[in-house]
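In: I need the structure of the sequence given here:
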Amino acid sequence: MEPEESAPPAETPEAQESAPVEETAPVPSGFPFSFSGVASFAATGWGRVLFWQAVLAIALGGSVMLVLGQYWAPVLDAAVAQLPEQAGLQEGQLHWPADQTGVLAENNYLRIIIDPNSQQQHGQLADLQIEFRRNSWVLSSVFGYLDFPYAVDEFSINRETHIPWWGSRRPFLLLGGSVAVGVSYCLLTLLFGFIGVWPAKTVAFFADREGGLSKLWRLTTAAWLPAGALLTMGCLCYALQFLPLMGLLILILLHLIVGWVFLFFAPFFLPPAVHTAENPFDIEDSHEEDLEVEESEESPSDRSGNPFS
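Out: Residues are numbered from 1 along each chain as shown. Below you'll find the model as predicted:
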């Protein structure tokens, strides 16, 4: 009789508990505040990038909405309330009652001036100043001024029409302006990210790191998230009067530098590239093996035939 095979011993609970359990690495999902955090966006999908872009757009648009609603809207309300009974453009020239010219409304953020005859120099007393002259309107700030001709030749201005028009559309215009700023910044970061793919690919190549178009585009787009957070904080401080306009302009330039710094150093934190070296002699060996198989498969009648037939 053949000896019966013994069954393998069952694992004890202690052995099962001591067996190593493979743990999957947690998927990164937080906001990137470091180079490794930005690099982690290359391993995740576009949903994470778009989610944090949407959060940043809402925060940036909210800070812009605060500036528009708290400082610009009161000036525009006061200017509309002081509109004359009848004025407007005739043949491309501004016609305005002489006794109602001058500063319509102003604060430290916005100033509106009506001066068809250019009788005096008004200076620069607000962050943004709009001056309506006879043949053009001037937009001035700390950067200088821009002179624009009137877009239409005929346009009528009167209190009965424009005060209700502004009152009914005021909240939608303010909300639309803030949304436009947030969405425009998201589109710009996508564009900057696409432009930065090639510098990032060069860095990843020389650093011997993984790199693909989609992965690097997510990384370079995510590089602008910390810079966007800095810009949002600057806009919020400007809205709360903690930061003057010149400080906000410096912060805008600084946020551009921060974005490119993250874009350059984040590829160093990508996973190392995996190289598969192929043996060039494997091709020759496989070819010789194929020839030997073909010769062995030949029938004896084929080999014994007359070679001269």
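In: what are the ranges of the strands in this protein?
Out: Assigned strands in the chain, in chain order: 87-90, 93-95, 102-106, 110-114, 128-132, 136-141, 144-149, 155-157 (criterion: DSSP state E).
In: so which of those strands gets nearest Val38?
Out: Closest to Val38 of the strands of the chain, according to C-beta to C-beta: strand 136-141, at 33.5 Å. Yep, even glycine has a C-beta here, placed from its N, CA and C like the rest.
In: buried residues in that closest one, which are they?
Out: Counting neighbours by 16 or more other C-beta atoms under 10 Å, one finds that the buried residues in strand 136-141 are Trp137, Val138, Ser140.
In: quick one on the thing from earlier: single out the most deeply packed of the strands of the chain.
Out: Of the strands of the chain, the one with the most neighbours on average (mean count of other C-beta atoms under 10 Å) is strand 110-114, at a mean of 22.
In: can you list contacts of that strand?
Out: The contact list for strand 110-114 (C-beta atoms under 8 Å, 6 or more residues apart in numbering) reads 71-72, 75-76, 79, 94, 96, 100-106, 122, 125-132.
In: which stretches of the stretch 151-300 of the chain form helices?
Out: 159-195, 197-206, 213-222, 224-239, 245-265, 281-297, 300-303 (DSSP state H, counting those that start in this stretch).
In: and the first one, what's buried?
Out: The one in question is helix 159-195. Trp166, Leu174, Gly177, Ser178, Val181, Gly182, Tyr185, Cys186, Thr189, Leu190, Phe192, Gly193.
In: low-confidence ranges in the stretch 1-150 of the chain?
Out: For the stretch 1-150 of the chain, residues meeting the criterion pLDDT under 70 lie at 1-29.
In: now with 50?
Out: Across the stretch 1-150 of the chain, the ranges flagged by pLDDT under 50 are 1-3, 13-25.
In: circling back: closest to Phe33 out of the helices of the stretch 151-300 of the chain?
Out: Nearest to Phe33, of the helices of the stretch 151-300 of the chain and by C-beta to C-beta, is helix 224-239 at 6.2 Å.
In: mind saving the C-alpha coords of the closest one as PDB?
Out: Extracted C-alpha coordinates of helix 224-239, given in PDB (Å, rounded to 0.1, in the frame of the first residue of the first chain):
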ATOM      1  CA  TRP A 224       0.600  77.500 -10.300                       C
ATOM      2  CA  LEU A 225      -1.700  76.500  -7.400                       C
ATOM      3  CA  PRO A 226       0.600  77.800  -4.600                       C
ATOM      4  CA  ALA A 227       1.300  80.900  -6.700                       C
ATOM      5  CA  GLY A 228      -2.500  81.400  -7.100                       C
ATOM      6  CA  ALA A 229      -3.000  81.100  -3.300                       C
ATOM      7  CA  LEU A 230      -0.400  83.800  -2.800                       C
ATOM      8  CA  LEU A 231      -2.200  86.000  -5.400                       C
ATOM      9  CA  THR A 232      -5.600  85.400  -3.700                       C
ATOM     10  CA  MET A 233      -4.200  86.400  -0.300                       C
ATOM     11  CA  GLY A 234      -2.800  89.600  -1.900                       C
ATOM     12  CA  CYS A 235      -6.200  90.500  -3.400                       C
ATOM     13  CA  LEU A 236      -7.900  89.800  -0.100                       C
ATOM     14  CA  CYS A 237      -5.400  92.000   1.800                       C
ATOM     15  CA  TYR A 238      -5.900  94.700  -0.800                       C
ATOM     16  CA  ALA A 239      -9.700  94.500  -0.400                       C
END
